[in-house]
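Peer 1: Sequence and predicted structure below; questions after.
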Amino acid sequence: MGTTRRWCLLLGLVLALSLSSACEDSAGVAILDQSDGSEELDTTEEQTELSDLEELEDVDGTEQTEPDTDLIEDVELEEDNDFPDFDVPDEEEQLQPCSRDADCEEGQLCRFIIENGELSLGCAWPLGPRAPGEACSADDQCAHGACIGNICARPCLSDNDCAVGYVCESRPFASTTVDICVPEPVVCAANADCAEAQLCVVDRSGSELLLLCGEAVGPGTLGTSCSSDAECEANLCVAGQCTAPCERHADCADDGSWQCEELELEHGGGSSLLEVCQPTPATVCLSDGMCLLPERCVASKQNSSVSWTCQAPVGPAEAGESCAFDAACVSNLCANGRCMAPCAASADCPSDYTCNKLSVDVPAGRTEVSVCIPPVYCQDNAVCLTSEVCYAQRKPDDISLTCHTPNVGGDLGVGCNTDGQCRMNLCIPGRFGDYCSRACDQNADCGAGFHCGSEELETLSGSTVTLSHCQRDNAVPCQSRSDCGTGTVC
(Lines give C-alpha, C1' and ligand atoms only; values in the text may rest on other atoms or scores of the structure.)
Protein backbone atom coordinates (compact mmCIF):
# COMPACT_ATOMS: atom_id res chain seq x y z
CA MET A 1 0.00 0.00 0.00
CA GLY A 2 3.03 2.39 0.61
CA THR A 3 4.06 2.10 -3.04
CA THR A 4 0.56 3.04 -4.17
CA ARG A 5 0.62 6.23 -2.10
CA ARG A 6 3.98 7.28 -3.52
CA TRP A 7 2.66 6.74 -7.05
CA CYS A 8 -0.31 8.98 -6.26
CA LEU A 9 2.05 11.76 -5.03
CA LEU A 10 4.19 11.42 -8.14
CA LEU A 11 1.22 11.60 -10.53
CA GLY A 12 -0.09 14.68 -8.72
CA LEU A 13 3.22 16.51 -9.15
CA VAL A 14 3.47 15.52 -12.79
CA LEU A 15 -0.06 16.83 -13.42
CA ALA A 16 0.79 20.13 -11.71
CA LEU A 17 3.92 20.49 -13.83
CA SER A 18 1.93 19.78 -16.97
CA LEU A 19 -0.53 22.53 -16.17
CA SER A 20 2.34 24.88 -15.38
CA SER A 21 4.06 24.16 -18.69
CA ALA A 22 0.88 25.05 -20.53
CA CYS A 23 1.22 28.62 -19.19
CA GLU A 24 4.80 29.28 -20.44
CA ASP A 25 5.45 32.20 -22.80
CA SER A 26 7.38 31.97 -26.03
CA ALA A 27 10.68 32.49 -24.21
CA GLY A 28 10.17 29.43 -22.07
CA VAL A 29 9.57 31.36 -18.86
CA ALA A 30 6.67 30.37 -16.60
CA ILE A 31 4.19 33.18 -15.87
CA LEU A 32 2.85 32.82 -12.31
CA ASP A 33 0.75 36.01 -12.21
CA GLN A 34 0.67 38.39 -15.19
CA SER A 35 -1.63 40.88 -13.49
CA ASP A 36 0.71 41.81 -10.62
CA GLY A 37 4.03 41.13 -12.43
CA SER A 38 5.29 38.42 -10.04
CA GLU A 39 8.84 37.17 -10.46
CA GLU A 40 9.74 34.63 -13.06
CA LEU A 41 11.18 31.16 -12.30
CA ASP A 42 14.16 30.10 -14.28
CA THR A 43 13.61 26.95 -16.32
CA THR A 44 16.85 25.55 -14.93
CA GLU A 45 15.42 25.55 -11.38
CA GLU A 46 12.30 23.77 -12.64
CA GLN A 47 14.37 21.04 -14.26
CA THR A 48 16.33 20.63 -11.01
CA GLU A 49 13.08 20.04 -9.04
CA LEU A 50 11.88 17.50 -11.60
CA SER A 51 15.22 15.71 -11.39
CA ASP A 52 14.91 15.48 -7.60
CA LEU A 53 11.43 14.01 -8.00
CA GLU A 54 12.63 11.35 -10.43
CA GLU A 55 15.34 10.33 -7.98
CA LEU A 56 12.66 9.72 -5.39
CA GLU A 57 11.01 7.15 -7.66
CA ASP A 58 11.81 6.68 -11.33
CA VAL A 59 8.76 6.11 -13.54
CA ASP A 60 10.43 3.26 -15.43
CA GLY A 61 11.60 1.68 -12.19
CA THR A 62 15.16 1.35 -13.55
CA GLU A 63 16.82 3.83 -11.22
CA GLN A 64 15.77 4.42 -7.63
CA THR A 65 17.39 6.15 -4.69
CA GLU A 66 16.65 5.41 -1.04
CA PRO A 67 13.30 7.07 -0.19
CA ASP A 68 12.62 9.05 2.93
CA THR A 69 12.08 6.38 5.60
CA ASP A 70 10.11 8.73 7.81
CA LEU A 71 7.59 9.20 5.00
CA ILE A 72 7.31 5.47 4.35
CA GLU A 73 6.74 4.60 8.00
CA ASP A 74 4.04 7.27 8.27
CA VAL A 75 2.29 5.97 5.14
CA GLU A 76 2.46 2.29 6.18
CA LEU A 77 1.16 3.10 9.63
CA GLU A 78 -1.75 4.96 8.10
CA GLU A 79 -2.49 2.05 5.78
CA ASP A 80 -2.42 -0.45 8.63
CA ASN A 81 -4.96 1.68 10.45
CA ASP A 82 -7.22 1.76 7.38
CA PHE A 83 -6.92 -1.95 6.44
CA PRO A 84 -6.12 -4.08 9.51
CA ASP A 85 -4.98 -7.71 9.07
CA PHE A 86 -7.19 -10.30 10.82
CA ASP A 87 -5.42 -13.11 12.65
CA VAL A 88 -7.44 -16.28 11.71
CA PRO A 89 -6.49 -19.24 13.90
CA ASP A 90 -6.25 -22.78 12.50
CA GLU A 91 -9.45 -24.82 12.34
CA GLU A 92 -8.23 -27.26 14.99
CA GLU A 93 -7.73 -24.35 17.46
CA GLN A 94 -11.34 -23.22 16.95
CA LEU A 95 -13.05 -26.60 17.43
CA GLN A 96 -15.64 -26.70 20.17
CA PRO A 97 -15.25 -29.88 22.28
CA CYS A 98 -18.13 -32.35 21.96
CA SER A 99 -19.24 -35.90 22.71
CA ARG A 100 -22.09 -36.24 20.20
CA ASP A 101 -23.63 -34.41 17.24
CA ALA A 102 -26.22 -32.74 19.49
CA ASP A 103 -23.41 -30.73 21.11
CA CYS A 104 -22.66 -28.92 17.82
CA GLU A 105 -24.38 -26.14 15.93
CA GLU A 106 -26.60 -26.89 12.95
CA GLY A 107 -24.65 -28.21 9.95
CA GLN A 108 -21.65 -29.33 12.00
CA LEU A 109 -20.84 -32.81 13.31
CA CYS A 110 -18.98 -34.08 16.34
CA ARG A 111 -15.88 -35.21 14.45
CA PHE A 112 -12.96 -37.43 15.39
CA ILE A 113 -9.76 -35.36 15.21
CA ILE A 114 -6.29 -36.91 15.30
CA GLU A 115 -3.48 -34.39 15.80
CA ASN A 116 0.10 -35.28 16.73
CA GLY A 117 -1.05 -38.80 17.50
CA GLU A 118 -3.71 -37.59 19.98
CA LEU A 119 -7.42 -38.29 19.47
CA SER A 120 -10.04 -35.70 20.35
CA LEU A 121 -13.63 -34.83 19.45
CA GLY A 122 -14.61 -31.41 18.13
CA CYS A 123 -17.48 -29.71 16.28
CA ALA A 124 -16.54 -29.30 12.61
CA TRP A 125 -17.96 -29.55 9.11
CA PRO A 126 -18.26 -33.09 7.64
CA LEU A 127 -14.92 -34.53 6.52
CA GLY A 128 -15.95 -37.15 3.94
CA PRO A 129 -19.12 -37.89 1.93
CA ARG A 130 -20.13 -41.17 3.61
CA ALA A 131 -22.74 -41.27 6.36
CA PRO A 132 -22.57 -43.38 9.55
CA GLY A 133 -23.17 -47.05 8.76
CA GLU A 134 -21.83 -46.88 5.19
CA ALA A 135 -18.89 -49.04 4.12
CA CYS A 136 -15.43 -47.43 4.12
CA SER A 137 -11.72 -48.18 3.91
CA ALA A 138 -10.23 -44.91 5.24
CA ASP A 139 -11.15 -42.31 7.90
CA ASP A 140 -11.31 -39.41 5.44
CA GLN A 141 -14.13 -41.11 3.54
CA CYS A 142 -16.47 -40.68 6.52
CA ALA A 143 -18.40 -37.58 7.55
CA HIS A 144 -17.32 -37.99 11.19
CA GLY A 145 -13.72 -38.81 10.29
CA ALA A 146 -13.64 -42.38 11.62
CA CYS A 147 -13.75 -45.68 9.71
CA ILE A 148 -14.02 -48.42 12.33
CA GLY A 149 -14.39 -52.04 11.23
CA ASN A 150 -14.80 -50.82 7.64
CA ILE A 151 -17.94 -48.92 8.66
CA CYS A 152 -18.24 -45.13 9.05
CA ALA A 153 -18.74 -44.38 12.76
CA ARG A 154 -20.56 -41.70 14.79
CA PRO A 155 -19.64 -40.79 18.41
CA CYS A 156 -22.26 -41.14 21.14
CA LEU A 157 -22.95 -40.99 24.86
CA SER A 158 -26.00 -43.26 24.94
CA ASP A 159 -28.33 -45.23 22.66
CA ASN A 160 -30.46 -42.08 22.30
CA ASP A 161 -27.67 -40.49 20.21
CA CYS A 162 -27.94 -43.27 17.61
CA ALA A 163 -30.38 -43.95 14.78
CA VAL A 164 -33.09 -46.61 15.06
CA GLY A 165 -31.51 -50.05 14.93
CA TYR A 166 -28.20 -48.84 16.43
CA VAL A 167 -26.83 -48.85 19.98
CA CYS A 168 -23.95 -47.00 21.67
CA GLU A 169 -21.01 -49.31 22.42
CA SER A 170 -17.25 -49.05 22.99
CA ARG A 171 -14.89 -49.97 20.16
CA PRO A 172 -11.08 -49.71 19.79
CA PHE A 173 -9.88 -46.81 17.61
CA ALA A 174 -6.60 -44.87 17.26
CA SER A 175 -4.86 -46.70 20.13
CA THR A 176 -7.74 -46.01 22.53
CA THR A 177 -11.42 -46.87 23.04
CA VAL A 178 -14.30 -44.75 21.79
CA ASP A 179 -18.09 -44.92 22.18
CA ILE A 180 -19.77 -45.16 18.77
CA CYS A 181 -23.12 -46.13 17.29
CA VAL A 182 -23.09 -49.75 16.09
CA PRO A 183 -25.87 -51.94 14.63
CA GLU A 184 -28.08 -53.41 17.32
CA PRO A 185 -27.15 -57.08 17.92
CA VAL A 186 -29.30 -59.53 15.95
CA VAL A 187 -29.92 -62.98 17.43
CA CYS A 188 -29.19 -65.71 14.90
CA ALA A 189 -29.09 -69.47 14.43
CA ALA A 190 -27.05 -69.52 11.19
CA ASN A 191 -25.27 -67.14 8.82
CA ALA A 192 -28.44 -66.89 6.70
CA ASP A 193 -30.03 -64.84 9.52
CA CYS A 194 -27.38 -62.09 9.25
CA ALA A 195 -26.61 -59.24 6.87
CA GLU A 196 -24.37 -59.93 3.88
CA ALA A 197 -21.14 -58.72 5.52
CA GLN A 198 -21.82 -60.47 8.85
CA LEU A 199 -21.66 -63.96 10.32
CA CYS A 200 -23.51 -65.75 13.09
CA VAL A 201 -20.91 -65.55 15.88
CA VAL A 202 -20.95 -67.74 18.99
CA ASP A 203 -20.06 -66.46 22.46
CA ARG A 204 -19.71 -69.19 25.06
CA SER A 205 -17.77 -67.16 27.62
CA GLY A 206 -20.83 -66.45 29.81
CA SER A 207 -23.40 -68.42 31.71
CA GLU A 208 -25.48 -68.84 28.52
CA LEU A 209 -24.62 -69.49 24.90
CA LEU A 210 -25.06 -66.32 22.84
CA LEU A 211 -25.44 -66.31 19.06
CA LEU A 212 -25.35 -62.81 17.54
CA CYS A 213 -24.73 -61.45 14.05
CA GLY A 214 -21.38 -59.69 13.86
CA GLU A 215 -18.00 -59.43 12.18
CA ALA A 216 -15.70 -62.43 11.84
CA VAL A 217 -13.66 -62.95 15.01
CA GLY A 218 -10.71 -64.92 13.59
CA PRO A 219 -9.45 -65.92 10.14
CA GLY A 220 -10.30 -69.63 10.33
CA THR A 221 -13.09 -70.79 8.00
CA LEU A 222 -15.15 -73.97 8.25
CA GLY A 223 -12.77 -76.95 8.65
CA THR A 224 -9.62 -74.92 9.43
CA SER A 225 -7.45 -76.40 12.20
CA CYS A 226 -7.72 -74.51 15.50
CA SER A 227 -6.87 -74.65 19.18
CA SER A 228 -9.16 -71.88 20.47
CA ASP A 229 -12.48 -70.26 19.55
CA ALA A 230 -10.84 -66.90 18.75
CA GLU A 231 -8.98 -68.47 15.80
CA CYS A 232 -12.28 -69.06 13.94
CA GLU A 233 -14.63 -66.76 12.02
CA ALA A 234 -17.66 -67.84 14.05
CA ASN A 235 -15.64 -67.91 17.32
CA LEU A 236 -16.25 -71.66 17.59
CA CYS A 237 -13.57 -74.37 17.62
CA VAL A 238 -14.83 -77.95 18.10
CA ALA A 239 -12.60 -81.04 18.10
CA GLY A 240 -9.68 -79.06 16.64
CA GLN A 241 -11.65 -77.68 13.69
CA CYS A 242 -13.36 -74.33 13.08
CA THR A 243 -17.10 -74.78 12.73
CA ALA A 244 -20.26 -72.63 12.70
CA PRO A 245 -23.84 -72.74 14.01
CA CYS A 246 -26.50 -74.01 11.60
CA GLU A 247 -30.18 -74.90 11.16
CA ARG A 248 -29.97 -77.22 8.16
CA HIS A 249 -27.33 -79.06 6.15
CA ALA A 250 -27.36 -76.39 3.43
CA ASP A 251 -26.04 -73.88 6.00
CA CYS A 252 -22.82 -75.89 6.08
CA ALA A 253 -22.09 -77.04 2.51
CA ASP A 254 -23.87 -77.49 -0.81
CA ASP A 255 -22.09 -80.72 -1.69
CA GLY A 256 -23.02 -82.71 1.43
CA SER A 257 -19.44 -82.78 2.76
CA TRP A 258 -20.66 -81.15 6.00
CA GLN A 259 -23.87 -81.79 7.90
CA CYS A 260 -25.78 -79.88 10.56
CA GLU A 261 -25.60 -81.89 13.75
CA GLU A 262 -26.66 -81.23 17.34
CA LEU A 263 -23.76 -81.27 19.80
CA GLU A 264 -23.38 -80.52 23.49
CA LEU A 265 -21.05 -77.53 23.90
CA GLU A 266 -19.39 -76.38 27.10
CA HIS A 267 -19.55 -72.70 28.12
CA GLY A 268 -18.97 -70.52 31.16
CA GLY A 269 -22.14 -71.65 32.87
CA GLY A 270 -22.02 -75.37 32.08
CA SER A 271 -23.08 -76.93 28.77
CA SER A 272 -25.87 -76.55 26.22
CA LEU A 273 -27.06 -78.27 23.05
CA LEU A 274 -26.36 -76.42 19.80
CA GLU A 275 -26.65 -77.37 16.15
CA VAL A 276 -23.28 -76.90 14.46
CA CYS A 277 -21.64 -77.93 11.20
CA GLN A 278 -19.75 -81.23 11.36
CA PRO A 279 -17.92 -83.26 8.67
CA THR A 280 -20.21 -85.82 7.09
CA PRO A 281 -18.90 -89.35 7.82
CA ALA A 282 -18.14 -91.47 4.77
CA THR A 283 -20.94 -93.86 5.68
CA VAL A 284 -23.54 -91.09 6.08
CA CYS A 285 -25.66 -89.57 3.29
CA LEU A 286 -27.70 -86.41 3.24
CA SER A 287 -29.60 -87.12 0.01
CA ASP A 288 -30.05 -89.82 -2.64
CA GLY A 289 -27.51 -88.01 -4.79
CA MET A 290 -24.70 -89.10 -2.43
CA CYS A 291 -25.43 -92.78 -3.02
CA LEU A 292 -24.58 -95.05 -5.98
CA LEU A 293 -27.60 -96.66 -7.65
CA PRO A 294 -29.40 -98.86 -6.90
CA GLU A 295 -28.73 -97.76 -3.31
CA ARG A 296 -30.76 -94.95 -1.76
CA CYS A 297 -30.34 -92.73 1.29
CA VAL A 298 -32.29 -94.64 3.96
CA ALA A 299 -33.30 -93.55 7.47
CA SER A 300 -32.49 -95.41 10.67
CA LYS A 301 -34.11 -94.26 13.89
CA GLN A 302 -32.05 -94.27 17.11
CA ASN A 303 -33.35 -93.51 20.56
CA SER A 304 -33.38 -89.73 20.12
CA SER A 305 -32.17 -89.12 16.54
CA VAL A 306 -32.35 -90.25 12.93
CA SER A 307 -29.29 -91.24 10.88
CA TRP A 308 -29.05 -91.73 7.12
CA THR A 309 -26.88 -94.23 5.23
CA CYS A 310 -26.64 -95.51 1.66
CA GLN A 311 -28.31 -98.93 1.36
CA ALA A 312 -30.94 -100.84 -0.58
CA PRO A 313 -34.44 -99.28 -0.67
CA VAL A 314 -36.75 -100.49 2.12
CA GLY A 315 -40.23 -100.04 0.62
CA PRO A 316 -41.72 -99.23 -2.82
CA ALA A 317 -43.27 -95.78 -2.14
CA GLU A 318 -41.35 -92.72 -3.31
CA ALA A 319 -41.25 -89.30 -1.64
CA GLY A 320 -44.67 -87.67 -1.47
CA GLU A 321 -46.63 -90.91 -1.89
CA SER A 322 -49.11 -92.06 0.74
CA CYS A 323 -47.89 -94.30 3.57
CA ALA A 324 -49.06 -95.68 6.92
CA PHE A 325 -45.67 -96.78 8.38
CA ASP A 326 -41.94 -96.22 7.77
CA ALA A 327 -41.20 -99.51 6.00
CA ALA A 328 -43.68 -98.65 3.24
CA CYS A 329 -41.26 -95.99 1.94
CA VAL A 330 -38.07 -96.23 -0.09
CA SER A 331 -36.44 -94.00 2.55
CA ASN A 332 -37.87 -95.92 5.53
CA LEU A 333 -39.45 -92.70 6.84
CA CYS A 334 -43.17 -91.95 6.86
CA ALA A 335 -44.44 -88.68 8.36
CA ASN A 336 -47.86 -87.05 8.22
CA GLY A 337 -49.09 -89.87 5.95
CA ARG A 338 -46.42 -89.16 3.28
CA CYS A 339 -43.08 -90.76 2.47
CA MET A 340 -40.14 -88.44 3.12
CA ALA A 341 -36.78 -88.20 1.35
CA PRO A 342 -33.66 -86.69 2.94
CA CYS A 343 -32.08 -83.53 1.51
CA ALA A 344 -29.38 -80.95 2.05
CA ALA A 345 -31.00 -78.33 -0.21
CA SER A 346 -34.18 -77.92 -2.28
CA ALA A 347 -32.22 -78.94 -5.38
CA ASP A 348 -32.16 -82.49 -3.94
CA CYS A 349 -35.97 -82.62 -4.02
CA PRO A 350 -38.60 -83.24 -6.72
CA SER A 351 -40.08 -80.26 -8.54
CA ASP A 352 -42.16 -77.95 -6.29
CA TYR A 353 -40.82 -79.64 -3.14
CA THR A 354 -38.76 -77.67 -0.65
CA CYS A 355 -35.98 -78.87 1.66
CA ASN A 356 -36.92 -78.02 5.21
CA LYS A 357 -36.91 -79.32 8.75
CA LEU A 358 -39.66 -81.62 9.92
CA SER A 359 -40.36 -82.98 13.39
CA VAL A 360 -40.71 -86.80 13.43
CA ASP A 361 -41.31 -89.44 16.06
CA VAL A 362 -38.37 -91.35 17.60
CA PRO A 363 -38.38 -93.75 20.58
CA ALA A 364 -37.42 -91.01 23.10
CA GLY A 365 -39.93 -88.46 21.76
CA ARG A 366 -39.45 -86.28 18.70
CA THR A 367 -36.53 -84.94 16.69
CA GLU A 368 -36.04 -82.84 13.57
CA VAL A 369 -34.79 -84.06 10.20
CA SER A 370 -34.06 -82.28 6.90
CA VAL A 371 -36.41 -83.74 4.32
CA CYS A 372 -38.17 -82.83 1.06
CA ILE A 373 -41.52 -81.33 2.01
CA PRO A 374 -44.34 -81.86 -0.50
CA PRO A 375 -45.79 -78.68 -1.98
CA VAL A 376 -48.66 -76.89 -0.25
CA TYR A 377 -51.01 -75.70 -2.97
CA CYS A 378 -52.62 -72.31 -2.48
CA GLN A 379 -54.96 -69.71 -3.94
CA ASP A 380 -53.62 -66.86 -1.78
CA ASN A 381 -51.11 -66.21 1.00
CA ALA A 382 -53.55 -67.17 3.76
CA VAL A 383 -52.63 -70.88 3.74
CA CYS A 384 -48.85 -70.29 3.67
CA LEU A 385 -46.37 -69.84 6.49
CA THR A 386 -45.53 -66.26 7.42
CA SER A 387 -42.12 -66.73 5.76
CA GLU A 388 -43.75 -67.92 2.51
CA VAL A 389 -46.01 -66.57 -0.23
CA CYS A 390 -48.39 -68.13 -2.72
CA TYR A 391 -45.78 -68.52 -5.45
CA ALA A 392 -46.66 -68.78 -9.13
CA GLN A 393 -44.56 -71.01 -11.36
CA ARG A 394 -45.13 -71.24 -15.10
CA LYS A 395 -44.87 -74.74 -16.56
CA PRO A 396 -45.20 -75.95 -20.16
CA ASP A 397 -48.96 -76.34 -19.92
CA ASP A 398 -49.91 -74.87 -16.54
CA ILE A 399 -49.17 -72.26 -13.88
CA SER A 400 -48.84 -73.87 -10.45
CA LEU A 401 -49.45 -72.03 -7.17
CA THR A 402 -47.60 -73.37 -4.12
CA CYS A 403 -46.37 -71.96 -0.80
CA HIS A 404 -42.75 -71.01 -1.36
CA THR A 405 -40.05 -68.63 -0.19
CA PRO A 406 -40.63 -65.30 -2.03
CA ASN A 407 -38.28 -63.82 -4.60
CA VAL A 408 -36.24 -60.75 -3.74
CA GLY A 409 -38.35 -58.56 -5.99
CA GLY A 410 -41.23 -56.14 -6.38
CA ASP A 411 -44.54 -56.45 -4.61
CA LEU A 412 -47.98 -55.87 -6.11
CA GLY A 413 -48.06 -53.08 -8.72
CA VAL A 414 -44.29 -52.67 -9.15
CA GLY A 415 -43.12 -52.53 -12.78
CA CYS A 416 -41.38 -55.65 -14.13
CA ASN A 417 -40.06 -57.41 -17.23
CA THR A 418 -39.85 -61.02 -15.97
CA ASP A 419 -41.52 -63.17 -13.31
CA GLY A 420 -38.28 -63.39 -11.35
CA GLN A 421 -38.40 -59.63 -10.69
CA CYS A 422 -41.59 -60.09 -8.66
CA ARG A 423 -41.97 -61.24 -5.06
CA MET A 424 -44.70 -63.77 -5.98
CA ASN A 425 -42.96 -64.70 -9.27
CA LEU A 426 -45.82 -63.33 -11.40
CA CYS A 427 -45.32 -60.50 -13.92
CA ILE A 428 -48.40 -59.72 -16.01
CA PRO A 429 -49.11 -57.34 -18.91
CA GLY A 430 -50.94 -54.08 -18.13
CA ARG A 431 -52.35 -51.13 -20.04
CA PHE A 432 -49.44 -48.88 -19.05
CA GLY A 433 -46.74 -51.59 -18.87
CA ASP A 434 -46.10 -54.95 -17.18
CA TYR A 435 -46.43 -55.09 -13.41
CA CYS A 436 -46.06 -57.56 -10.51
CA SER A 437 -49.23 -59.31 -9.40
CA ARG A 438 -50.24 -61.99 -6.91
CA ALA A 439 -52.70 -64.90 -6.81
CA CYS A 440 -55.99 -64.14 -5.07
CA ASP A 441 -59.30 -65.64 -4.04
CA GLN A 442 -61.22 -62.41 -3.32
CA ASN A 443 -60.82 -58.63 -3.59
CA ALA A 444 -59.65 -58.44 0.04
CA ASP A 445 -56.46 -60.28 -1.02
CA CYS A 446 -55.50 -57.25 -3.14
CA GLY A 447 -54.57 -53.73 -2.12
CA ALA A 448 -56.22 -50.41 -2.92
CA GLY A 449 -56.50 -49.77 -6.65
CA PHE A 450 -56.63 -53.51 -7.43
CA HIS A 451 -59.32 -56.16 -7.59
CA CYS A 452 -59.29 -59.97 -7.85
CA GLY A 453 -60.20 -61.16 -11.33
CA SER A 454 -59.65 -64.11 -13.66
CA GLU A 455 -57.52 -63.71 -16.77
CA GLU A 456 -55.92 -65.87 -19.45
CA LEU A 457 -52.13 -65.98 -18.90
CA GLU A 458 -49.43 -67.64 -20.99
CA THR A 459 -47.59 -70.80 -19.94
CA LEU A 460 -44.00 -71.65 -20.93
CA SER A 461 -45.18 -73.30 -24.16
CA GLY A 462 -47.28 -70.29 -25.21
CA SER A 463 -50.61 -71.89 -24.40
CA THR A 464 -52.94 -70.09 -21.99
CA VAL A 465 -54.61 -71.00 -18.70
CA THR A 466 -57.08 -69.09 -16.56
CA LEU A 467 -55.65 -67.71 -13.31
CA SER A 468 -57.24 -65.56 -10.60
CA HIS A 469 -54.86 -62.77 -9.68
CA CYS A 470 -54.87 -59.13 -8.56
CA GLN A 471 -55.55 -56.74 -11.46
CA ARG A 472 -55.45 -52.96 -11.65
CA ASP A 473 -58.84 -51.26 -11.38
CA ASN A 474 -60.15 -49.81 -14.64
CA ALA A 475 -59.34 -46.15 -15.26
CA VAL A 476 -62.24 -43.75 -14.46
CA PRO A 477 -63.23 -41.53 -17.44
CA CYS A 478 -62.78 -37.81 -16.70
CA GLN A 479 -63.06 -34.38 -18.29
CA SER A 480 -61.08 -32.45 -15.68
CA ARG A 481 -59.24 -32.93 -12.43
CA SER A 482 -62.43 -32.27 -10.48
CA ASP A 483 -63.81 -35.58 -11.83
CA CYS A 484 -60.99 -37.56 -10.13
CA GLY A 485 -60.64 -38.87 -6.63
CA THR A 486 -58.09 -37.82 -4.03
CA GLY A 487 -54.53 -38.50 -5.12
CA THR A 488 -55.37 -38.91 -8.83
CA VAL A 489 -55.36 -36.56 -11.81
CA CYS A 490 -57.14 -36.56 -15.14
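Peer 2: That came through fine. Residues are numbered from 1 along each chain as shown.
Peer 1: Report the mean confidence score over the strand or helix carrying Ser300.
Peer 2: In this structure, Ser300 sits in strand 296-301 according to DSSP states H and E. Here strand 296-301 scores 94 as its mean pLDDT.
Peer 1: Stretch 112-127 too?
Peer 2: Mean per-residue pLDDT for stretch 112-127: 92.
Peer 1: in the chain, which ranges drop under the pLDDT threshold?
Peer 2: Low-confidence segments of the chain, defined by pLDDT under 70: 1-94, 475-476, 481, 484-490.
Peer 1: now the spatially most central residue of it: how far from Leu95?
Peer 2: The chain has Glu134 as the residue nearest its centroid, 5.4 Å off, counting by Cα atoms, centre = their mean. Distance of Glu134 to Leu95, given as Cβ to Cβ, to the nearest Å: 24 Å. Every C-beta, even on glycine, is put in place using the N, C-alpha and C of the backbone.
Peer 1: cool, Met290 as well?
Peer 2: 64 Å.
Peer 1: With adjacent residues omitted, what lies nearest to Thr280?
Peer 2: Computed as Cβ to Cβ, 6 or more residues apart in numbering, the closest residue to Thr280 that is not its neighbour in sequence is Gln259, at 4.6 Å.
Peer 1: nope, Ser207 is what I was after
Peer 2: Closest to Ser207 by Cβ to Cβ, 6+ apart is Gly269, at 3.1 Å.
Peer 1: Could you pull up the contacting residues of the one you found?
Peer 2: Counting by Cβ atoms under 8 Å, 6 or more residues apart in numbering, Gly269 touches 206-208.
Peer 1: Check Ser305 too.
Peer 2: Each residue near Ser305 by Cβ under 8 Å, 6+ apart is listed here: 262, 362, 367.
Peer 1: What backbone torsions are found at the nearest residue to Cys436 once chain neighbours are set aside?
Peer 2: Of all residues not flanking Cys436 in the chain, Cys422 sits nearest, at 3.6 Å (Cβ to Cβ, 6+ apart). For Cys422, the backbone dihedrals (degrees, to the nearest 10) come out as phi -110, psi 140.
Peer 1: Run through who's touching stretch 248-263.
Peer 2: For stretch 248-263, the surrounding residues in contact (Cβ under 8 Å, 6+ apart) are 190-192, 222-223, 238, 244, 246-247, 273-280, 284-287, 289-290, 305, 343-345, 355-357, 370.
Peer 1: Among the residues you listed, name the buried ones.
Peer 2: Among the contacts of stretch 248-263, those classed as buried by 16 or more other Cβ atoms under 10 Å are 190-191, 222, 238, 244, 246-247, 274-280, 284-287, 290, 343-345, 355-356, 370.
Peer 1: From the residues you listed, which land in strands?
Peer 2: Judged by DSSP state E, strands contain the following of those: 238, 274-279, 355-356, 370.
Peer 1: ok, and what's touching the helix or strand where Ser170 lies?
Peer 2: Assigned by DSSP H and E, Ser170 belongs to strand 166-173. With contacts defined as Cβ under 8 Å, 6+ apart, strand 166-173 is touched by 112, 119, 132-133, 146, 148-149, 153, 156-159, 161-162, 177-185.
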